[in-house]
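1. A predicted structure for the sequence below; I have some questions about it.
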Amino acid sequence: MKRILLSTVAVLALGATVANAADIQRRVVTKAPATYVEPVFSWTGPYIGINGGGAWGTGTNNGAFPGSRDISGGMIGATLGYNWQVGQLVLGVEGDIDWARIRGSGPCGVGFACTTEGNWMGTIRGRLGYAAGRIMPYVTGGVAVVGLRNTIAGVGSASSTEAGWTAGLGVEAALWSNWSAKLEYLYVDAGRGATVAGSSTDFRANIVRAGLNYRF
């Protein structure tokens, strides 16, 4: 009888040990999968792009044929630039070259008509932006170079390349992959040039344009 009791106790103990081991195995905690953390977006790097928009402003003749006129038109061209992001501050340099047809005609002198035209434009500007994630508002300013043409009906015409200044503001938004889009306003003052019969022309314009950039 004693041997039977001892054998029964041993069998029960062995069964309890096996059950406990199986229970421990069932209760092993499975490690949760790693959480994906999206990389922090950065505006740093070079980019190229296209831009286009419209302009309006004033052309003014001086000297022998004085008079002012409204000018307006469109422009389209290419952009090249580079950004450096430090914290949320974005410093950049940007250049562009655009074909343009920004022109207007009006009376000048006594009984004459003058036409002022900007037929191409380039700028080299600094940019200072604030990175709010994938949105970046910015201010910008620098040098503007304009191809001017001044025509006085019945007298003649002349062309010149004039350097002036530009300043403005805008906002750029990162879209998909490496693409971003921008909308900006620039004021351009190209100064005075293209002299005909002692009368030169001033070119001042407001520009609103959009752009699409590819960032490397």
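-> Structure's in. What do you need?
2. Tell me which residues of the helix or strand encompassing Thr161 come out buried.
-> When elements are assigned from DSSP states H and E, Thr161 belongs to strand 156-174. For strand 156-174, burial by neighbour count (16 or more other CB atoms under 10 Å) applies to Ala158, Ser160, Glu162, Gly164, Thr166, Gly168, Leu169, Gly170, Glu172, Ala174. Yep, even glycine has a C-beta here, placed from its N, CA and C like the rest.
3. Below-threshold pLDDT in this protein: ranges please.
-> By pLDDT under 70, the low-scoring segments of the chain are 1-39.
4. so where do the strands sit in it?
-> Secondary structure of the chain by DSSP state E: the strands cover 45-61, 67-86, 89-108, 112-130, 135-152, 156-174, 179-196, 199-215.
5. what's across from Thr140 in the sheet?
-> With DSSP bridges applied, Thr140 shows beta-bridge pairing to Arg127, Gly168.
6. mind listing what it touches?
-> By CB atoms under 8 Å, 6 or more residues apart in numbering, Thr140 lies in contact with Glu94, Arg125, Gly126, Arg127, Leu128, Ala167, Gly168, Leu169, Gly170, Glu184, Leu186.
7. Surely the fifth one touches Leu91?
-> It stands for Leu128. Yes: under the criterion of CB atoms under 8 Å, Leu128 makes contact with Leu91 at 6.4 Å.
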